[in-house]
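Trainee: What shape does this take:
(2 chains)
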Amino acid sequence: MSSHRGPHRGVIEEEDATTLKLGEGYEESACLFISEVKILLEATQRPNTSEVYQKTVNYVNQFNRFTNADVVREVRKGMNEEPIRTILKGFELTQLANLCCEEAEEAKALVPSLANKIDDDALQNFLNTILDLKKFQT
Amino acid sequence: MFFLRTLSHTINLHPSYFGPHMREFLMRNLHADVEGTCSGRIGFIISVLNITNISPGKVLPNSGLAEFIVQYQAIVFKPYKGEVVDAIVTSVNQIGFFADVGPLQVFVAQKLMPNDFKFDSNGPCYRGDDQTIEKNGQVRLKIVGLKHQATQINAVGTIKEDYLGQIQ
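Mentor: Below is the predicted model of the structure:
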């Protein structure tokens, strides 16, 4: 490979989850957590044999955290509640729903952009709502 | 991260398809063209959910094909540097292990594992003090680098940080 890099290449490398630079068209797009992807994929009953599709189905089945559609709806509702939705971006909330952290400290280590935005108590509150939903689902 | 994104795609339709079932042909063409594709800017297009708008067809001079611009919503997977994700281990070897995050393949080299991780050729697997990484196991890793190629994205990950590693 040559050491010369095209101008567009630099633009792509600027994207970074820790500073929430998501790239063109993505900042305003809705993020989906794994259980939502599973529900959407199951709703489109269309044979699809592409490798990308099969691998995704396998992945969402293994990491599906919330077992029924009602719980998934409740999680999404929790993410849309004030004040959490104005403090945090959809990308961060979705990461929290995917990772299901138990402690605020753990969440801040895994999602560094949270660090100076929200205090531990408020974050712990949000994590607890998700954990409770996960714990009591049937 | 998975996204719900609105995208557009241009389809050139052969005149033999003009007729009452044109919309179906356009849909089938769209699915065949975009599903399963991958680019650095957009990421992996996993599944088209619905079509929001189809522009009026414009017949192209010389060829007779009609050009349609189709707007659609799709589930897209786009990985980011610095993102923490869960992954499924697909293969383990002496230099590290490969894991799948949905359609994305991530490589974790041995030097990006905690120092106590040792390679064990029986398995094969990596063994740490209280963790074992073997095929089909689940790991939590952080993406540290991405390489965008024309039709592929490759990622490098690390588990050498707090709260990363095998998922028990």
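Trainee: give the contact list for the residue in chain A that chain B sits nearest to.
Mentor: Nearest residue of chain A to chain B (CB to the nearest CB) works out as residue A:50 at 3.1 Å. Any C-beta I mention is one placed from the backbone N, CA and C, and that applies to glycine too. If you count contacts by CB atoms under 8 Å, 6 or more residues apart in numbering or on different chains, residue A:50 has them with B:35-36.
Trainee: Just the pLDDT at it, thanks.
Mentor: pLDDT for residue A:50: 88.
Trainee: Over to it: give its phi and psi.
Mentor: Backbone torsions of residue A:50, given as degrees, to the nearest 10, read phi -60, psi 150.
Trainee: Likewise for residue A:79?
Mentor: With angles defined as degrees, to the nearest 10, residue A:79 sits at phi -70, psi -20.
Trainee: ditto for residue A:115
Mentor: Main-chain torsions, residue A:115, degrees, to the nearest 10: phi -40, psi -50.
Trainee: How about it, nearest residue that isn't a chain neighbour?
Mentor: With sequence-adjacent residues excluded and distances taken as CB to CB, 6 or more residues apart in numbering or on different chains, residue A:115 is closest to residue A:108, at 5.6 Å.
Trainee: I'd say that neighbour and residue A:127 touch.
Mentor: No. Between residue A:108 and residue A:127 there is no contact under CB atoms under 8 Å: 10.7 Å.
Trainee: more crowded one of these two?
Mentor: Using other CB atoms under 10 Å in any protein chain shown, the more surrounded residue of residue A:108 and residue A:127 is residue A:127, with 21 against 18.
Trainee: and the gap between the residue nearest to residue A:115 and residue B:84?
Mentor: To residue B:84, residue A:108 is 11 Å away according to CB to CB, to the nearest Å.
Trainee: And what about the residue in chain B positioned nearest to chain A, helix, strand or coil?
Mentor: Per CB to the nearest CB, residue B:36 is where chain B lies closest to chain A, at 3.1 Å. Put simply, residue B:36 is coil when judged by DSSP: H, G, I helix; E, B strand; the rest coil.
Trainee: State the pLDDT value of it.
Mentor: Residue B:36 carries a pLDDT score of 93 in this model.
Trainee: Is it in contact with residue B:45, as I believe?
Mentor: Yes. Counting by CB under 8 Å, residue B:45 is a contact partner of residue B:36 at 7.1 Å.
Trainee: Would you report the backbone torsion angles of residue B:61?
Mentor: Dihedral angles for residue B:61 - degrees, to the nearest 10 - are phi -60, psi 150.
Trainee: Pull the number of nearby residues for it.
Mentor: The number of residues near residue B:61, taken as other CB under 10 Å, comes to 7.
Trainee: Look up how far residue B:67 lies from it.
Mentor: Taking CB to CB, one finds residue B:61 at 11 Å from residue B:67.
Trainee: So stretch B:90-103, near chain A or not?
Mentor: Yes. Against chain A, stretch B:90-103 shows contacts by CB under 8 Å from any CB of the partner chain at B:100-103.
Trainee: Okay, now the unreliable bits of the chain?
Mentor: Just so you know, I chose chain A. Applying pLDDT under 70 to chain A flags residues A:1-13.
Trainee: At which residues are the strands of it located?
Mentor: A:30-32 (DSSP state E).
Trainee: contact partners of stretch A:86-103?
Mentor: With contact meaning CB under 8 Å, 6+ apart, stretch A:86-103 is reached by A:17, A:20, A:22, A:30-34, A:63, A:65, A:75, A:79, A:84-85, A:107, A:110-111, A:113-114, A:117-118, A:122, A:124, A:126-127, A:130-131, A:134, B:1, B:83-86, B:140, B:163.
Trainee: same question but for stretch A:114-122, I mixed them up
Mentor: Outside of stretch A:114-122, the residues within contact range by CB under 8 Å, 6+ apart are A:83-84, A:87-88, A:92, A:104-105, A:107-108, A:123.
Trainee: Quick one, which of those residues are buried?
Mentor: Buried subset of the contacts of stretch A:114-122 (neighbour count, 16 or more other CB atoms under 10 Å in any protein chain shown): A:84, A:87-88, A:92, A:104, A:107-108, A:123.
Trainee: Need the max-distance pair from those.
Mentor: By the measure CB to CB, A:84 and A:108 form the most distant pair in the buried ones among the contacts of stretch A:114-122, at 14.9 Å.
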